Every structure is written in structure tokens, then in C-alpha cells.
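Undergrad: Need the 3D shape of this:
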Amino acid sequence: MKVRWLWGLTLAALVLALGSGGGVAQYGGEGEYGGVQLRFSGQLTTAGGCEQVAQNLIRCQVPTGRRGTIQLTATVTPPSYPVSVFAVSLPSWASFQPVSTYGTAQTTCTFTPPAGAAGQSFQLRFRASTVYGLSVDLTVVLNVVVVQPPTGPEYPEAEYTTDERGRFSVPVDYPPNTTVKGTLTECTRYPLAGVPISIALLPKSGRLNIGSLDDVGAVQIDTPYGSTTVTEFNLLSSIDENGRITRTINVGVVCLQPSGPIPPVPPTETIPGTTDEEGKFSVPLPGQPGTTVTGRLTECTVRPLPNQEFTLTPIYGEGTLNGFTIDVPGYEPVTITEFGRFSLFGLTSYLLGDMCLSLEIGDEEDLLPWRPDRSLTWEDFKADPPADVEGRDEAAFIKYRLIVEPTEFRLTYDPNTKTWRATIDPASLKVKNVMVRSESWVDPQRKNARLLSHEQGHFDISEVYRRLLERRLRELVAEAPTQEQAAAELRRLIERTYNSVVQKAEQVQTDYDRETAHGQDQEKQEAWGRKIQEWLADPTKAPQP
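TA: Numbers count the residues shown, from 1 in each chain. You can find the predicted model right below:
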């Protein structure tokens with residue numbers, strides 16, 4: 001067996017001046033044996049810095065409490081062979097879902113080093129494998145550190161920083177159990193993320209000290225961007241299940257005046273774009289050289305929208321960029337007003353994150369739901385066949401989709417474990433298996449009852465995995481210290497579950513076409529028909545993700 005390594009760091013992670021960092025490392029390996037070629041590549045996004053120390057090894061220094069991702073892609077040639085991606089070794093705080101399919105396999109590992117991991121090294125090792133025992137390994141070593149905020153006479157020592165949306169929550173020494181919360185912005189133009197911040201409470205005029213919230217007259221906020229004093233804020237006291245009183249001082253949106261003149265606002269211009277295989281995009285912002293807008297299009301976070309055309313329209317007002325409108329064919333327009341901003345060495349990115357897109361109501365007429373009492377007819381195949389249909393093995397094509405409608409979450413607090421538990425409200429869970437009529441076609445010269453029965457089999461297989469997906473979604477449970485974290489983790493579990501079920505369904509659909517010769521092998525077609533009916537009765541008997 002001959003294995004060739006093709007590792008290379010294309011963009012090193014860089015450390016920012018404000019004590020936070022970020023970057024992307026891309027790497028990959030390649031193996032070849034007996035005419036079969038296996039390529040295994042990864043893209044690592046982390047808040048720390050990375051370096052290549054060997055052909056098959058990348059080492060990163062990452063801070064505690066900051067989330068990182070490793071996107072893995074394995075491709076086998078010829079694509080008719082199976083390929084699997086799995087983890088050889090992972091720390092307990094890394095989340096990963098193995099995947100197995102034909103041709104190309106994609107999956108993602110996420111990690112958030114806890115405070116207790118500081119000062120230690122951890123190895124994340126992944127392996128892609130295919131036929132003939134051919135395999136390729138990718139390894140990442142994470143050295144976990146605690147990032148200290150900057151200190152010096154121009155800025156007092158700080159223990160807290162803003163998050164990716166500029167939000168902060170800083171406890172104060174007195175009054176006891178008191179926290180100051182708010183959002184730090186460059187005068188509402190954009191949030192200031194990853195900024196060290198320190199808080200001081202000032203007593204009201206005529207009072208020597210602060211004995212209670214009523215004595216607070218102002219909140220002084222110090223950052224590397226400058227200092228400000230807030231005199232208008234909201235006070236809140238509450239009591240938890242254990243009888244402990246907590247106090248909150250909410251200063252709202254804090255404005256720090258930017259240095260230098262505000263650049264002129266360019267004219268509004270619609271920006272066309274297309275997402276990649278993972279639904280992600282990055283497009284330039286007109287009129288602002290070196291500025292891009294990035295994000296990911298999803299069908300309400302349940303599944304990404306790969307290779308999807310869209311248009312992006314910036315929204316300006318009073319000299320500032322206030323938001324973006326996303327238009328995608330077949331989906332309702334979405335306006336984004338909360339986003340991040342990342343600048344480094346004169347390059348700027350507006351970070352929109354995951355965008356939830358809902359199908360247009362008018363599109364429902366084009367979607368035919370699967371029903372046990374309603375079989376397909378050739379009238380359901382409304383698209384024109386491709387120009388080269390006569391030279392194709394398949395004489396018909398059915399477009400089917402699994403749709404998870406927006407769901408409601410149940411959030412419950414466990415005082416014993418002091419954690420929040422998030423589950424899907426069963427009453428709100430609706431998973432649909434639909435045929436897209438406008439994208440389904442048939443060669444009019446080859447249509448017959450046998451071919452229609454084969455296409456019905458495709459639709460029935462999709463229904464098998466719809467039932468399996470619904471069952472698995474009902475079983476999902478996410479736990480975290482806060483409501484927001486529990487809900488975010490449940491959304492990640494939903495997406496991961498959807499992707500794994502859909503990938504397995506597509507693998508089975510491919511096997512169905514290959515073994516039946518697209519419905520031409522009557523004996524194999526009848527055998528598959530019996531299997532599909534058995535799976536419909538009990539989806540657990542079907543090949544599992």
C-alpha cells in the first residue's frame with residue numbers, strides 16, 4: 001500500500017490585538033491503491049493560532065471557553081466505492097458524528113475546551129477509510145491555554161470580555177450577587193466582540209458608598225476602545241429556587257465613539273451569490289474594498305442549502321450599515337439586523353451566521369406529500385426531461401425532500417444538577433416527505449407502469465427515513481448551564497440528526513438504483529419492493545445511520 005501525504009497550511013490563525021484570536025487552517029492527505037484514490041481534507045476554524053509541525057500533524061494553541069470547528073471531507077475515486085470518516089481519539093468535550101456513504105463523506109467536529117483543560121494537550125485524530133483497507137489519518141493537537149486580557153497603565157486589569165455579539169455580563173464585588181449586563185457597540189454601527197471590559201459602580205451624588213442598588217448613581221465602563229459612564233439603566237432583583245437573591249444592572253446598548261470620520265455610505269446594491277456544498281457563502285460588499293459578508297443559508301437550521309443561488313441587499317440608514325436582506329428562490333425573504341463584524345489588517349468581514357429560511361406558502365402547491373392511499377401518476381412529473389435524456393440510463397427522475405417544519409422547544413430547569421434541559425415539543429414536531437413536482441421528469445418515449453413503480457419505490461424509501469427521522473428527533477435531549485446554551489445545543493443535535501439520516505437515505509437510494517438497474521431488473525425490483533414494504537412497517541429494520 002502506498003500512501004502520499006499532502007499536508008499544507010494555507011492560512012495560519014492570527015492573534016488579534018485585543019486578546020482574542022481567530023483564523024482558518026486547511027489541511028489534507030491522500031492515499032492510493034489498486035486504482036482507488038482516497039482524499040481526506042479538513043478545515044479548522046479556531047480562536048487560537050495554528051502551525052504545521054509535521055506532514056501529518058497540525059498543532060494549535062486554543063483558549064478555554066471558545067468554540068472551534070473542524071470540517072472534514074473524504075472523497076473516494078471512483079465514487080461508486082463507499083467511504084467512511086470516524087474519530088480515532090477525541091477528548092470528552094469534543095462533539096463528532098461519524099459518517100459513511102458513497103463517493104464523498106462530510107462531517108464536522110466541534111470543540112469547546114473547558115476551564116479545567118487549561119495547561120493540557122489533547123489529540124484529535126480522524127480517519128477516512130474505503131475499500132482494500134485504504135485509509136488516511138488527519139491529526140490536530142490542541143494545547144489549551146487561558147487567554148489573559150491586556151494590562152498596562154492605559155488600561156486597568158480586566159477579567160471579562162464581550163462575546164461575539166458584543167454582549168457582556170460582569171459581576172461586581174458589592175452589592176453581593178450583583179451583575180452588570182449590556183451590549184458594547186461602536187455607537188450602534190456594529191457590536192464590539194472579544195473586547196476586554198471592566199466595570200465600576202459609582203454612588204449617587206451626596207452618598208459616600210453603595211449599600212444597595214438604590215445607591216447606584218452611575219456605571220463606569222473601561223475598555224481599550226475608551227471609557228464611558230452610563231447614568232440611565234434598569235435595576236432588577238430576583239430570587240431563585242434556593243432562596244438566593246440576585247441583582248442585575250442592565251445598561252442596555254453602550255455607545256463608544258469611533259476614532260476618525262465615519263466613511264461615506266455606498267449606494268445600495270444587490271449582491272448575487274451562490275452557497276458552497278455546506279450552504280456557506282462569502283461575497284464582497286460593494287463600495288468597501290477588502291470587505292466581505294459571510295454566512296450560511298439553512299432551511300430553518302434543519303438542513304443547509306448547498307449550491308443555492310441568492311441575492312444579498314445591504315440596508316443603510318443615517319450613515320450606518322444596519323442590516324441585510326436575503327432573497328432565495330422558493331423561500332420567504334429574510335432580513336438580518338443582528339450580526340458580527342471582524343477586522344484584521346485592513347480586511348473586514350460582516351458575520352451573519354446561520355440564516356433560517358422558510359418555504360414560500362405558494363410553493364406548497366408544487367409539493368406532493370407522501371400518502372399511503374395515493375400512488376404516483378405520470379401527471380405528477382411536471383418538469384421537462386433534460387436534452388440528453390435519450391443517452392441516459394435513467395428514464396425518469398423524482399425529486400423528493402424531507403422537510404422539518406419549525407418546532408417549539410421545551411426548556412426545564414433541574415435544581416439538583418443546576419442545568420437546563422431542552423427537548424422538542426412533540427405537539428409541534430412535523431416532518432414531511434414530499435415530491436417536488438416541478439423538478440421531477442420522465443422520458444415520454446420510455447414511460448410505462450414498471451418504471452412508475454420504480455419511481456414510487458424511491459418515494460417510499462424517502463418515507464421510511466422520514467419516519468425514522470421523526471422518531472429520532474423526538475428522542476433528542478440537550479443539557480447545558482443556561483437556557484440559551486441548551487437551546488443552541490438542541491439545534492445542533494437536530495441538524496446533526498437530519499444530516500445523518502438524509503445521508504443514509506441517499507446511500508440506500510443509490511443502492512436501489514444500482515441493484516435494480518434503474519428498475520430494468522424485474523427480479524431485483526420485486527425483491528426491493530418487498531424490503532421497502534417491510535421497512536415502512538418497521539423503519540428500524542432499514543439500514544440505520
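
Undergrad: Could you list the buried residues of stretch 375-386?
TA: Under the neighbour-count criterion of 16 or more other Cβ atoms under 10 Å, stretch 375-386 has 376, 380-381, 385 buried. Any C-beta I mention is one placed from the backbone N, CA and C, and that applies to glycine too.

Undergrad: Repeat that for stretch 67-74.
TA: 68, 70-74.

Undergrad: could you dump these to TSV with distance to residue 358 and secondary structure?
TA: What follows is those, written out as TSV (distance: Cβ to Cβ, whole Å; DSSP: H, G, I helix; E, B strand; the rest coil):
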residue	distance to residue 358	secondary structure
68	30	strand
70	30	strand
71	26	strand
72	30	strand
73	29	strand
74	33	strand
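
Undergrad: pLDDT on stretch 313-323, on average?
TA: pLDDT averaged over stretch 313-323 equals 73, rounded to a whole number.

Undergrad: Ends of that stretch, what's the gap?
TA: Across its full length, stretch 313-323 reaches 9 Å between end residues, using Cα to Cα, to the nearest Å.

Undergrad: Tell me the one among the buried residues of stretch 67-74 nearest to residue 212.
TA: For the buried residues of stretch 67-74, the residue nearest residue 212 by Cβ to Cβ is residue 68; the value is 42.4 Å.

Undergrad: does residue 165 count as helix, strand or coil?
TA: Each residue gets one of three states, and residue 165 gets coil by DSSP: H, G, I helix; E, B strand; the rest coil.

Undergrad: OK, contacts around residue 230?
TA: Neighbour list for residue 230: 182, 218-221, 251, 254 [criterion: Cβ atoms under 8 Å, 6 or more residues apart in numbering].

Undergrad: Can you flag which of those residues belong to strands?
TA: Secondary structure assignment (DSSP state E) places 182, 218-221, 251, 254 from those within strands.

Undergrad: Please convert the buried members of these into ChimeraX selection syntax.
TA: Entered in ChimeraX, the line below selects the buried ones among these, by 16+ other Cβ under 10 Å:
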select :182,218,219,221,251,254
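
Undergrad: Among the ones in strands among the contacts of residue 230, list the two that are farthest apart in space.
TA: Set against one another by Cβ to Cβ, these have their most distant pair in 182 and 218, with a gap of 13.4 Å.

Undergrad: Per the annotation, how does the chain divide into domains?
TA: For the chain, automatic domain parsing gives the domain ranges 2-145, 160-255, 271-356, 366-541.

Undergrad: Out of those domains, which gets the lowest mean score?
TA: Per-segment confidence across the domains of the chain bottoms out at domain 2-145, which has a mean of 71 in mean pLDDT.

Undergrad: For the closest residue in space to residue 244 that isn't next to it in sequence, grab the count of nearby residues.
TA: Residue nearest to residue 244 in three dimensions, not counting chain neighbours: residue 177, with 6.7 Å by Cβ to Cβ, 6 or more residues apart in numbering. A count of nearby residues for residue 177, using other Cβ atoms under 10 Å, gives 14.

Undergrad: these two touch, right, residue 177 and residue 245?
TA: Yes - distance between residue 177 and residue 245: 6.2 Å, which falls inside the contact criterion (Cβ atoms under 8 Å).

Undergrad: buried set for the helix ranked longest in the chain?
TA: As far as residue count goes, and with DSSP state H defining each element, the longest helix of the chain is helix 483-516. Within helix 483-516, the residues that count as buried by 16+ other Cβ under 10 Å are 486-487, 489-491, 493-509, 512-513, 516.

Undergrad: Any idea which residue is closest to the centre of the chain?
TA: Closest residue to the average C-alpha location of the chain: residue 354 at 6.2 Å, with Cα atoms, centre = their mean.

Undergrad: For the host helix or strand of it, which strands pair with it and how are they oriented?
TA: Under the assignment given by DSSP states H and E, the secondary-structure element containing residue 354 is strand 347-356. Strand pairing for strand 347-356, using DSSP bridges, gives strand 291-298 (parallel), strand 340-344 (antiparallel).

Undergrad: Pick the most buried one from the ones you listed.
TA: Per residue and on average, the most neighbours among these fall to strand 291-298, with a mean of 20 (mean count of other Cβ atoms under 10 Å).

Undergrad: ranges for the helices of this protein?
TA: Taking DSSP H as the criterion, the chain carries its helices at 449-474, 483-516, 522-537.

Undergrad: Specify the angle between the longest one and helix 449-474 in degrees.
TA: In other words, helix 483-516. Note on geometry: by axes from the mean of the first three to the mean of the last three Cα atoms, to 10 degrees, helix 483-516 and helix 449-474 are set 160 degrees apart in direction.

Undergrad: can you check the shortest one too?
TA: Angle, helix 522-537 to helix 449-474, by the same axes, to 10 degrees: 30 degrees.

Undergrad: got the buried residues for helix 522-537?
TA: By 16+ other Cβ under 10 Å, the buried positions in helix 522-537 come out as 525, 528-529, 531-532, 535-536.

Undergrad: Can you give me the neighbour number for the closest residue to residue 505 other than its chain neighbours?
TA: Nearest-residue entry for residue 505: residue 465, 3.9 Å, with adjacent residues in sequence omitted and distances by Cβ to Cβ, 6+ apart. One way to gauge burial is a neighbour count; for residue 465, by other Cβ under 10 Å, it gives 25.

Undergrad: tell me the contacts of residue 465?
TA: Shown here is residue 465, whose contacts under the criterion Cβ under 8 Å, 6+ apart are 402, 501-502, 504-505, 508, 539, 542.

Undergrad: how near is it to residue 503?
TA: Distance, residue 465 to residue 503, by Cβ to Cβ, to the nearest Å: 10 Å.

Undergrad: repeat for residue 71
TA: Here the criterion is Cβ to Cβ. By it, residue 71 lies 15 Å from residue 503.

Undergrad: Ok, which of the helices of the chain comes nearest residue 303?
TA: helix 483-516 (5.3 Å).

Undergrad: Report the distance from that closest one to the chain centre.
TA: Averaging C-alpha positions (Cα atoms, centre = their mean, to the nearest Å) puts helix 483-516 14 Å from its chain's average.

Undergrad: How are the strands of the stretch 101-250 of the chain distributed by residue range?
TA: Assigned by DSSP state E, counting those that start in this stretch, the strands in the stretch 101-250 of the chain fall at 104-111, 121-129, 135-145, 160-161, 167-172, 178-185, 196-203, 216-223, 226-230, 234-239, 245-255.

Undergrad: can you redo those strands as CSV with distance to residue 432?
TA: As requested, the strands of the stretch 101-250 of the chain are exported to CSV (distance: least, Cβ to Cβ, whole Å):
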stretch, distance to residue 432
strand 104-111, 24
strand 121-129, 33
strand 135-145, 37
strand 160-161, 43
strand 167-172, 36
strand 178-185, 38
strand 196-203, 46
strand 216-223, 49
strand 226-230, 49
strand 234-239, 42
strand 245-255, 40
